[in-house]
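1. this is a predicted model, with the sequence first.
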Amino acid sequence: MLGDVVREAALGDGRRPWWRTAVVYEVYLRSFADSDGDGVGDVDGLRSRLPYLVDLGVDAVWVTPWYPSPMADGGYDVSDHRDIDPRLGTLADVDALLAEAHAAGLRLIVDLVANHTSAEHPWFRAAVAGGRGAPERARYFFRDGRDGGDRPPNDWISAFGGPAWTRVREPDGSMGQWYLHLFAPEQPDLDWDDAVVQEEFDGTVRFWLDRGVDGIRVDAAPALAKVPGLPDAGHAPGALFESARWVDNPHWDRDEVHEVFRRWRRISDGYDGDRVFVSEAVVAGPERLARYVRPDELHTSFNFDFLRAAWNAAGLRAAIDGTLAALAPVGAPPTWVLSSHDETRHVTRFGRAASGAGTMGFDAASPTDLALGLRRARAAALLTLALPGGAYLYQGEELGLPEVEDLPEDVLQDPTWERSGHTARGRDGCRVPLPWSGDRPPFGFTADAVRPWLPQPGSWRELTVAAQRDDPSSTLSLYRGALRLRRTLPGLADDAPLTWCDLGDGVLAFDRGSRFRCVVNLSDRPVSLAGQGEPVLTSAPVAADLPADTAAWLRTG
Ligand code: NOJ
């Protein structure tokens, strides 16, 4: 079976599944485009902007959760997995979106949040209301506390800070059992050993595949299994949720999670049209990640090692080599990503001394040189889009948007802010609504005079789509140019293997086939391009030398 997968990948013709090389654009729906003037982005807003995405040149769109939700965690607290939140649209709107996206040649990926539900989900409400022994409690992790019930059942921690347990008040008014939530208290974890849970999600996967979606992103994939008995993890007091380092942790990356993925894969294999599962799996390195994309499990995965790497040639090369080496044996395509709705925008990260990404909005802010960050971000875009396999773009990175670091405290919504005792501002700064046009907020995101759900900085007037569209030196033009060339240049269009070239310390240089070379200068000195080929796209003006923090795509044959 593995042989078949690898052979199929190697064909490089019409039989190569689209997702092996796709550029997927992440739409954080609340912040993309608002059609009805309530200040919150919605499905019809996305529909209205499909031509923009086609013109940009991406292959697919991943839409973050749009399900009914109290929005305790931006929609990752789902109270009905098979409907649309009325603030965001209707199932009929989604059907129209799918039809229009497909007619325009775009694929659509939805987000499946299966580790937890909302605390407002009917199951959890019944579990609390039914008291001890309610059958619905078996679908979650309800346990008695330690020391007579007053202390949480174990030492597990929440990704947003603080303990992973909250105590409920029983129907008779007494303080009662505790329930587990690896994320916010409004997101109780489901027990995936429970057959009702398994069957319910089989139905949900089918529901969306039947509706015609091209793929499903699996939220928090490594969380779906816990060690029976729920033993202590040994977390130190105040420990952070550092899932990228955990090995043999009782609530993360257990072997049993893979049973769930095999189950879903059996379902998706019954559908036509190359449907794809994408895992969101922050785990301890590429070898662990490769386990999520074995031939009978999920098809692809987000690549957090690359995302978290600092702006440093050796570190990036190690992330690239580690990824390629780990994924090749399982036949899964590599993917590359720089930003998402969970991470400090990379224009800002790359402008800081510590340029790697943190954990769930816990990265300590340090002084930021935004001009330097943008310069590096543009070079990083050419690096990312020149690597083999697929790539994920996060809305607004094509505009060079920075993190909004000065949001007023009273608008912050990310649970990290409260759960960290106001020490970490969380992820709102990367979720500020997009600037489309005009010279003041709301920049065409919503109707004039309406306040977007997070305020946009006035300085974004220079970064709107309208301001950048016809400027050949803009970041938007750079992304459009790169995405076009990626479809046509030999080496990129045929997904040729990567071969490194040695151009000295601090320089990443590689060929894709015999006619394409990418050179990225992460050193502090210019690098001669003499004899390297004819530049076809550069992230900044280039003469004979490639300046520091600049990338070039070159035709070599
Ligand atoms: C990962 C999602 O990307 C993030 O936004 C969310 O807070 C957690 N999973 C919990 O669902």
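-> Thanks, I have the structure now.

2. can you report how many residues lie near the closest residue to Arg254 other than its chain neighbours?
-> Closest residue to Arg254 apart from its sequence neighbours, by C-beta to C-beta, 6 or more residues apart in numbering: Ala225 at 4.1 Å. Using the backbone N, CA and C atoms, a C-beta is placed for each residue, glycine as well. Ala225 is flanked by 21 other residues according to other C-beta atoms under 10 Å.

3. what's the spacing between Ala225 and Arg263?
-> Per C-beta to C-beta, to the nearest Å, Ala225 is found 12 Å from Arg263.

4. same question, Pro70
-> Distance, Pro70 to Arg263, by C-beta to C-beta: 29 Å.

5. all strands for the stretch 1-150 of the chain, in order.
-> Using DSSP state E, counting those that start in this stretch, the strands of the stretch 1-150 of the chain run over residues 23-27, 60-63, 107-112, 142-143.

6. among those strands, which comes closest to the ligand?
-> strand 107-112 (8.0 Å; C-beta to the nearest ligand atom).

7. close to the ligand, is stretch 199-218?
-> No: with C-beta under 6 Å from any ligand atom as the criterion, the ligand is not reached by stretch 199-218; the gap is at least 8.7 Å.

8. do me a favour and average the pLDDT over that stretch.
-> For stretch 199-218, mean pLDDT is 98.

9. buried residues in it?
-> Residues 200-201, 204-206, 208-209, 212-218 are the ones in stretch 199-218 that count as buried (16 or more other C-beta atoms under 10 Å).

10. for stretch 290-298, same thing?
-> Ala290, Arg291, Tyr292, Val293, Arg294, Glu297, Leu298.

11. how long is it from one end to the other?
-> By C-alpha to C-alpha, to the nearest Å, the extent of stretch 290-298 from end to end equals 10 Å.

12. for Arg484, list the residues it contacts.
-> Gly57 (C-beta atoms under 8 Å, 6 or more residues apart in numbering).

13. what does the stretch 301-450 of the chain put close to the ligand?
-> So far as C-beta under 6 Å from any ligand atom goes, the stretch 301-450 of the chain lies against the ligand at His341, Asp342.

14. the stretch 301-450 of the chain: helices as residue ranges?
-> Secondary structure of the stretch 301-450 of the chain by DSSP state H, counting those that start in this stretch: the helices cover 304-308, 313-327, 346-349, 370-386, 415-419.

15. could you point out which of the ones you listed sits nearest Ala548?
-> Ala548 sits nearest to helix 370-386 of all the helices of the stretch 301-450 of the chain, at 8.5 Å, using C-beta to C-beta.

16. just to revisit the earlier point, for the strands of the stretch 1-150 of the chain, which one sits closest to Asp93?
-> Here strand 60-63 is closest among these (C-beta to C-beta), at 11.7 Å.

17. got TSV for the strands of the stretch 1-150 of the chain, with mean neighbour count too?
-> Output for those, formatted as TSV (neighbours: other C-beta atoms under 10 Å):
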stretch	mean neighbour count
strand 23-27	25
strand 60-63	24
strand 107-112	23
strand 142-143	19
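
18. quick one on the thing from earlier: just the ones in helices from the buried residues of stretch 199-218, please.
-> Among the buried residues of stretch 199-218, the residues falling in helices (DSSP state H) are Glu200, Phe201, Thr204, Val205, Arg206, Trp208, Leu209.

19. now the last one. Nearest residue, chain neighbours left out?
-> Leaving out its chain neighbours, the residue that sits closest to Leu209 by C-beta to C-beta, 6+ apart is Tyr271, at 5.1 Å.

20. ok, now the fifth one?
-> By the measure of C-beta to C-beta, 6+ apart, the closest residue to Arg206 outside its immediate chain neighbours is Ile267, 6.3 Å from it.

21. what sits against whichever residue of the stretch 301-450 of the chain sits closest to the ligand?
-> The nearest approach of the stretch 301-450 of the chain to the ligand comes at Asp342, 4.7 Å away (C-beta to the nearest ligand atom). Contacts for Asp342 were tallied using C-beta under 8 Å, 6+ apart; they are Met360, Gly361, Arg427, Cys430.

22. pLDDT score for it?
-> On the pLDDT scale, Asp342 gets 96.

23. ok, it to Gly145 distance?
-> Asp342 is 31 Å from Gly145, by C-beta to C-beta.

24. Cys430 now?
-> Relative to Gly145, Cys430 is positioned 36 Å away (C-beta to C-beta).

25. with neighbour numbers in mind, choose between those two.
-> Shown here are Cys430 and Gly145; by other C-beta under 10 Å, Cys430 has more neighbours (27 against 17).

26. phi and psi next, for the nearest residue to that one once chain neighbours are set aside.
-> Spatial nearest neighbour of Cys430, chain neighbours left out: Arg345 (4.9 Å); criterion: C-beta to C-beta, 6+ apart. The phi and psi values for Arg345, taken as degrees, to the nearest 10, are phi -60, psi 140.

27. for Arg345, give its distance to Asp406.
-> 14 Å.

28. what do these two both touch?
-> Common neighbours of Arg345 and Asp406 are not found (criterion: C-beta under 8 Å, 6+ apart).

29. out of the two, which sits in the busier spot?
-> For the pair Arg345 and Asp406, the greater number of neighbours falls to Arg345 (26 against 9), based on other C-beta under 10 Å.

30. report the contact partners of Ala310.
-> When contacts are counted by C-beta under 8 Å, 6+ apart, Ala310 touches Ala354, Ser355, Gly356.

31. in contact with the last one, which residues?
-> By C-beta under 8 Å, 6+ apart, the contact list for Gly356 reads Arg308, Ala309, Ala310, Gly315, Arg349.

32. which two of these lie the greatest distance from each other?
-> Gly315 and Arg349 (13.0 Å).

33. name the residue in those two with the higher neighbour count.
-> Neighbour totals were compared for Gly315 and Arg349, and Arg349 leads with 28 against 17 (other C-beta under 10 Å).

34. pLDDT value on the closest residue to the ligand within the stretch 1-150 of the chain, please?
-> In the stretch 1-150 of the chain, the residue that lies nearest the ligand is Tyr76 (3.4 Å; C-beta to the nearest ligand atom). Note on Tyr76: pLDDT of 98.

35. ditto for Arg7
-> 35.

36. same thing with Ser355?
-> Note on Ser355: pLDDT of 85.

37. number of nearby residues for it?
-> 20.

38. do you know how far it is from Ser268?
-> Counting by C-beta to C-beta, the gap from Ser355 to Ser268 is 37 Å.

39. again with Tyr140
-> Separation of Tyr140 from Ser268 (C-beta to C-beta) stands at 26 Å.

40. before we move on, what about Thr499?
-> Noted for Thr499: a distance of 34 Å to Ser268, by C-beta to C-beta.

41. these two: who's more crowded?
-> The residue with more neighbours, out of Thr499 and Ser268, is Ser268; 18 against 12, by other C-beta under 10 Å.

42. the more buried one contacts Leu209, doesn't it?
-> Yes: here Ser268 reaches Leu209: they are 6.4 Å apart, a contact under C-beta atoms under 8 Å.

43. any common contacting residues for these two?
-> Shared contacts of Ser268 and Leu209, defined by C-beta under 8 Å, 6+ apart, comprise Ile216, Arg275.

44. what's next to stretch 365-377, contact-wise?
-> Outside stretch 365-377, the residues that touch it by C-beta under 8 Å, 6+ apart are 311, 338, 346-355, 397, 400, 402, 405, 425, 475, 539-540, 549-550.

45. next one: that stretch to chain centre, how far?
-> Centroid separation between stretch 365-377 and its chain, computed with C-alpha atoms, centre = their mean, to the nearest Å, is 21 Å.

46. circling back to that earlier point, so of the helices of the stretch 301-450 of the chain, which one's packed in deepest?
-> Per residue and on average, the most neighbours among those fall to helix 346-349, with a mean of 28 (mean count of other C-beta atoms under 10 Å).
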